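A.B. asks: using only what follows, build the 3D model:
(chains A and B)
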2 protein chains.
Amino acid sequence: MSVPRSEQAFLDIIDRFFPENSPAIHIGRGDDCALFSCPSSLCMTTDLFVEDVHFRRSYFSPEQIGHKALAVNISDMAAMGAKPLGFSLGLVAPRDVSTAFWESFFRGMAALARRFDLPLTGGDLSLGDKITASITLWGTPEHRVLRRGQARVGDVLFVIGPVGLARAGLLLLEKGDASGAFPACLTAHLAPTPLVEQGQLLATIPGVRGLMDVSDGLAQDLSRFLGPGLGADIILDAGVIHPEVRQYCAQVGLNPALFCFMGGEDYALLGAADEEGLIHTCKLLPDTWRLGRVTAAGLCLNGKYIQVQGFDHFAQD
Amino acid sequence: MSVPRSEQAFLDIIDRFFPENSPAIHIGRGDDCALFSCPSSLCMTTDLFVEDVHFRRSYFSPEQIGHKALAVNISDMAAMGAKPLGFSLGLVAPRDVSTAFWESFFRGMAALARRFDLPLTGGDLSLGDKITASITLWGTPEHRVLRRGQARVGDVLFVIGPVGLARAGLLLLEKGDASGAFPACLTAHLAPTPLVEQGQLLATIPGVRGLMDVSDGLAQDLSRFLGPGLGADIILDAGVIHPEVRQYCAQVGLNPALFCFMGGEDYALLGAADEEGLIHTCKLLPDTWRLGRVTAAGLCLNGKYIQVQGFDHFAQD
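C.D. replies: From the prediction side, this is the model:
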C-alpha cells in the first residue's frame, strides 16, 4: 500500500482534484494566505468531521467521507438562504492512510464542490491519529439572510427534507446491517444532500421568517430555532414519516414519531412562515411538509406535551 | 476535576472570554452561519494546532496552547502585510479535559485576540482523542499584499525575528529541560509573537518585493519563498544568531548556522527587497537583519553550497 510520502505528495493530489481557476481568487493555495474578491456581506461557517465521532472508515467509503465533510458545511450555508462561494480545509491525516484513499476522499469532496462551483482556496495539513476535516465555508446572502429566533406565535413550522432517515441509517450501519433493505436510510446518513437551492429560494419569499438546518435532531434544534419564550405544536405521523423509517421502527419496536423527533444529522431545513408564506413556499418547493405551529410555550408532539433532549456530544452518558 | 458537561457549558466558557461587540459582525455565534461586513479583498488562512504533533500538554500551559493556536494563524496574515479582522475555531476536545483547562485555554486565546481586536465569529466543537484547534483567520490588505515568488536576482534577503530559537526551545522541552537557562528559546517555542505591525509596515515600502513567515524553517521555506529558478547566498553567523542559540549549540555540539538554517516554528518574517527598500526597512524596523542575497541558482550558506531539507510532517523517518 502506498501512502503520501511528503506534504508535497499530498498537495499534488489536492491540485489534481481542485483546479484553481476561479476569477475571484487572486492568490490561491501555496502562499501564506489566499486572497480573493468578496461581496460586502459574508456568511461564514466552520464544521468538523471527525473519524469515530462523525464517521467510521469501516462503513463510509472514502468518497462519502470527503463528500459529507463538505456537505455538512454547505448545509449551514443553505440554512441562511445564502450562496456558498468557497472553502478552506484543515485536514488531520493519519500516517497509514493510503494514497488511493486520499484520491477517493478528494474525488468525493471535489464532486460536491464542483456542483456548487466552490474553489478550495487553501488550508493546512497535519499528521494525527484520526482523520479530522475542519472546513470553513463562506458565502453571501443574495437576498436577505434567514435567521433563527425570528418565528412568532401562530407561524407555521415547515420542513424540507426527511427527518429520522439518517438516524435509522446510522443505527443500521453501526449494527453492521447494510443489507440494502433501507437504501434511503443509508444514503441519508452516508451522503446527505445540502439543500442550497431550496434555502436560496426561501430567502426570496417575504412570509418566510426564519430557517435553520436540523443537524442535531428536531428535539434539540427546534428549541434552538424558536429561541426562548416560544413553544411548538407539531405532528409527526404516517403522512410525513418516510416509509423506510416507519418500516425500521416497526421492525425494532420504536415509536416512529419520537424516533423522527430525536433524529440527528438530518440536514433538513426547518423554517417558520406566515400562512401566505407557506402557500408560496409549497408552490415553489413542493417537497415542503408542514410540521406544525409555533405556540407560546411547551412542546406538543402528536397532541402530547413532551420533554426530551437531542444529541449532545458532551453530555455525560 | 470538573469537565464541561454539555456543549452549552462549553459555549458558556467561550462567551465569557469572547464578547460579541464588533460593529462589523451582524450575526455572531449561535446561528447556522456568522454574517459580517467585509472589505472587497479578503486574505484568508487556516492552520491546525494538534496535540502531540504541534504541542504537548506536559510542557505547554493551557494559556500557551490557546495563544499559539491563534498566533500561528495571525503570523500567516502578517506575512501578507495584511490586517487580521476575525477568526473561527473548529475545536476537538477530549472528554477528560477539565473546565479549568478550557478556561485557561480560552483566556490565552482571547488575550491575543484582544490585542488585534479580533472577534471569534463562530466555529464547531467535537469530542475526539487529541486536542485539535483548526483556526481560520481572515483579514484585509490595507496596502498591497506581499507574496512569495516575487524576488529577483540581486535582491537582498532580510529577516525580522530570530531563527533557531524555537527549535532549541522545542529540543530543550522535549528533553524535559525547562531549567531556565534558555528563557528566550522556551518562549519562542511556547508563545511566539506574530509580527503583524511589522508586516503591515513592510507593505508600505515600495522596494520590498515579497514576504513570508518562516514556519517550517529556512531550509524548507527559503526555497518556497524564492520559487523555482532562483537561489540564495546567505550568512548565518555570530552577528545574527541569538546568543542563547549559540550557547545551546555549543553545549550540545551542533553547528549553530546549520541549526538556525534548519529552524522550524520560527514565525519570523522573511522578505526580499532592493537596496533602497532594505535601507527604508531598516529605518522603519530596526530589528531587521540581513540574511543574504538572491542568486540565480543554488543555496550557499556561509560560503558553502549545501543541500538540506526542512521539516516535513509526512516525510518517512
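A.B. asks: is A:Glu7 in contact with A:Ser126, as I believe?
C.D. replies: No. The pair A:Glu7 / A:Ser126 is not scored as a contact, 9.7 Å apart, by C-beta atoms under 8 Å. Backbone N, C-alpha and C define where each C-beta goes, glycine included.
A.B. asks: A:Asp124 contacts A:Val92, correct?
C.D. replies: No. The criterion here is C-beta under 8 Å, and A:Asp124 misses it with A:Val92 at 9.3 Å.
A.B. asks: where do the contact lists of these two overlap?
C.D. replies: The contact sets of A:Asp124 and A:Val92 overlap at B:Leu48 (C-beta atoms under 8 Å, 6 or more residues apart in numbering or on different chains).
A.B. asks: more neighbours, the two?
C.D. replies: A:Val92 (25 against 22; other C-beta atoms under 10 Å in any protein chain shown).
A.B. asks: state the distance from that one to chain B.
C.D. replies: 6 Å (C-beta to the nearest C-beta, to the nearest Å).
A.B. asks: same question, A:Leu270
C.D. replies: Distance from A:Leu270 to chain B, by C-beta to the nearest C-beta: 11 Å.
A.B. asks: same check on A:Ser58?
C.D. replies: 17 Å.
A.B. asks: likewise A:Ile235?
C.D. replies: Applying C-beta to the nearest C-beta, the value for A:Ile235 to chain B is 25 Å.
A.B. asks: got it, and A:Ile13?
C.D. replies: With C-beta to the nearest C-beta as the criterion, A:Ile13 and chain B are 12 Å apart.
A.B. asks: ok, now which ones touch that residue?
C.D. replies: Neighbours of A:Ile13 in contact, by C-beta under 8 Å, 6+ apart: A:Pro4, A:Thr99, A:Trp102, A:Glu103, A:Phe106.
A.B. asks: contact residues of the stretch 151-300 of chain A facing chain B?
C.D. replies: A:Leu211, A:Met212, A:Asp213 (C-beta under 8 Å from any C-beta of the partner chain).
A.B. asks: how about a cut-off of 6 Å?
C.D. replies: A:Met212, A:Asp213 (C-beta under 6 Å from any C-beta of the partner chain).
A.B. asks: all strands in the stretch 151-300 of chain A, in order from the N-terminus.
C.D. replies: A:156-160, A:208-214, A:231-234, A:268-273, A:289-295, A:299-301 (DSSP state E, counting those that start in this stretch).
A.B. asks: where does the residue nearest the centre of chain A land in three-state SS?
C.D. replies: Ranked by distance to the mean C-alpha position of chain A (C-alpha atoms, centre = their mean), the top residue is A:Val72 at 3.5 Å. Recorded secondary structure, A:Val72: helix (DSSP: H, G, I helix; E, B strand; the rest coil).
A.B. asks: any stretches of the stretch 201-317 of chain A with poor pLDDT?
C.D. replies: Within the stretch 201-317 of chain A, the segments meeting pLDDT under 70 span A:308-317.
A.B. asks: how about the helices in it?
C.D. replies: Counting by DSSP state H, counting those that start in this stretch, the stretch 201-317 of chain A has helices at residues A:218-226, A:243-252, A:256-262, A:275-284.
A.B. asks: can I get these in CSV including mean neighbour count?
C.D. replies: Converted to CSV, the helices of the stretch 201-317 of chain A look like this (neighbours: other C-beta atoms under 10 Å in any protein chain shown):
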stretch, mean neighbour count
helix A:218-226, 22
helix A:243-252, 16
helix A:256-262, 22
helix A:275-284, 16
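A.B. asks: give me the element A:Phe101 is part of.
C.D. replies: helix A:99-115 (DSSP states H and E).
A.B. asks: tell me what that helix is packed against?
C.D. replies: Contacts defined by 3 or more C-beta pairs under 6 Å, 6 or more residues apart in numbering or on different chains; DSSP states H and E place helix A:99-115 against helix A:7-17, helix A:62-78.
A.B. asks: okay, the angle between the longest one and strand A:156-160?
C.D. replies: The directions of helix A:62-78 and strand A:156-160 differ by 150 degrees, with axes from the mean of the first three to the mean of the last three C-alpha atoms, to 10 degrees as the criterion.
A.B. asks: what does helix A:62-78 contact?
C.D. replies: A:45, A:47, A:49, A:55, A:84, A:101, A:104-109, A:112, A:133, A:135, A:137, A:139, A:190-192, A:194-196, A:199, A:213, A:267, B:32-33 (C-beta atoms under 6 Å, 6 or more residues apart in numbering or on different chains).
A.B. asks: same deal with stretch A:211-221?
C.D. replies: The contact list for stretch A:211-221 (C-beta under 6 Å, 6+ apart) reads A:75, A:79, A:146, A:148, A:163, A:202, A:225, A:261-264, A:266-271, A:308, A:310-311, B:32.
A.B. asks: which of these are buried?
C.D. replies: A:75, A:79, A:146, A:148, A:163, A:202, A:225, A:261-264, A:266-271, A:310-311, B:32 (16 or more other C-beta atoms under 10 Å in any protein chain shown).
A.B. asks: tell me the domain ranges of chain A?
C.D. replies: A:7-140, A:156-305 (automatic domain parsing).
A.B. asks: can you give me how far the shortest one is from the chain middle?
C.D. replies: Going back to what we said before, that points to domain A:7-140. Relative to its parent chain, domain A:7-140 has a centroid offset of 14 Å by C-alpha atoms, centre = their mean, to the nearest Å.
A.B. asks: do the same with the longest one
C.D. replies: Distance, stretch centre to chain centre, for domain A:156-305: 12 Å (C-alpha atoms, centre = their mean).
A.B. asks: for it, how far is the first residue from the last?
C.D. replies: 18 Å (C-alpha to C-alpha, to the nearest Å).
A.B. asks: where's the residue in the stretch 101-250 of chain A that chain B sits nearest to, which helix or strand?
C.D. replies: Closest residue of the stretch 101-250 of chain A to chain B, C-beta to the nearest C-beta: A:Ser134 (3.3 Å). Using DSSP H and E, A:Ser134 maps to strand A:132-140.
A.B. asks: quick check: A:Leu89 vs chain B, distance?
C.D. replies: A:Leu89 is 7 Å from chain B, by C-beta to the nearest C-beta.
A.B. asks: list the contacts of the residue nearest to that residue when sequence neighbours are not counted.
C.D. replies: Excluding its sequence neighbours, the residue lying closest to A:Leu89 (C-beta to C-beta, 6 or more residues apart in numbering or on different chains) is A:Gly123, at 3.8 Å. For A:Gly123, the contacting residues are A:Ser88, A:Leu89, A:Gly90, B:Thr46, by C-beta under 6 Å, 6+ apart.
A.B. asks: out of these, which is nearest to A:Phe17?
C.D. replies: For these, the minimum distance to A:Phe17 (C-beta to C-beta) is 11.5 Å, reached by A:Leu89.
A.B. asks: CA atoms of the helix or strand hosting that closest one as CSV?
C.D. replies: Here A:Leu89 is covered by strand A:83-93, with elements defined by DSSP H and E. C-alpha atoms of strand A:83-93 as CSV (Å, rounded to 0.1, in the frame of the first residue of the first chain):
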residue,chain,number,x,y,z
LYS,A,83,-25.0,31.2,-1.8
PRO,A,84,-21.7,29.3,-1.0
LEU,A,85,-18.6,30.8,-2.5
GLY,A,86,-15.5,28.9,-1.4
PHE,A,87,-13.9,26.9,1.4
SER,A,88,-10.7,26.1,3.2
LEU,A,89,-9.7,22.8,4.7
GLY,A,90,-7.7,21.9,7.8
LEU,A,91,-7.0,18.2,7.4
VAL,A,92,-5.5,15.8,10.0
ALA,A,93,-4.2,12.7,8.3
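A.B. asks: for it, packing partners?
C.D. replies: Using 3+ C-beta pairs under 6 Å, 6+ apart: strand A:83-93 touches strand A:120-127, strand A:132-140, strand B:41-50.
A.B. asks: and the first one, what's its mean pLDDT?
C.D. replies: Looking back up the chat, that one is strand A:120-127. In this model, strand A:120-127 has a mean pLDDT of 96.
A.B. asks: partner strands of it and their direction?
C.D. replies: Sheet pairing for strand A:120-127, assigned by DSSP bridges, gives strand A:83-93 (parallel).
A.B. asks: which residues are contacting the partner strand?
C.D. replies: If you take C-beta under 6 Å, 6+ apart as the criterion, strand A:83-93 is touched by A:74, A:77, A:116, A:118-119, A:121-126, A:128, A:132-140, A:142, B:46, B:48, B:134, B:136.
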